[in-house]
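**Student:** Give me coordinates for this.
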Amino acid sequence: MSAGERAKAKAEQVVGRTVRKAAHAVHKQTLEAKGAALEARGMMRGAKERAKSSFKG
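**Tutor:** Have a look, this model is predicted:
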């Protein structure tokens, strides 16, 4: 797994989680959904990279 892609995946997870929790606190449902989507995208990016690295070695 490349370090850049790993960092990008982790950053998306952290930012998405932060946005989701902040939006939940101020009762903004659409922003909360966008944060959850960003967090999920980061989790999928990490899973993709882990799968690629398992096939390589």
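**Student:** Next one: the residue nearest the centre of the chain from Ser54, what distance?
**Tutor:** By C-alpha atoms, centre = their mean, the chain has its centre lying nearest to Gly42, at 2.3 Å. To Ser54, Gly42 is 19 Å away according to C-beta to C-beta, to the nearest Å. For glycine as for every other residue, the C-beta is placed from the backbone atoms N, C-alpha and C.
**Student:** What of Lys10?
**Tutor:** Distance of Lys10 to Ser54, computed by C-beta to C-beta: 18 Å.
**Student:** higher neighbour count, these two?
**Tutor:** For Lys10 versus Ser54, neighbours defined as other C-beta atoms under 10 Å are more numerous around Lys10 (14 against 9).
**Student:** and stretch 13-32, how far from the chain's centre?
**Tutor:** With C-alpha atoms, centre = their mean, to the nearest Å as the basis, stretch 13-32 stands 13 Å off its chain's centre.
**Student:** Mind listing what's buried along it?
**Tutor:** 13, 16, 19-20, 23, 32 (16 or more other C-beta atoms under 10 Å).
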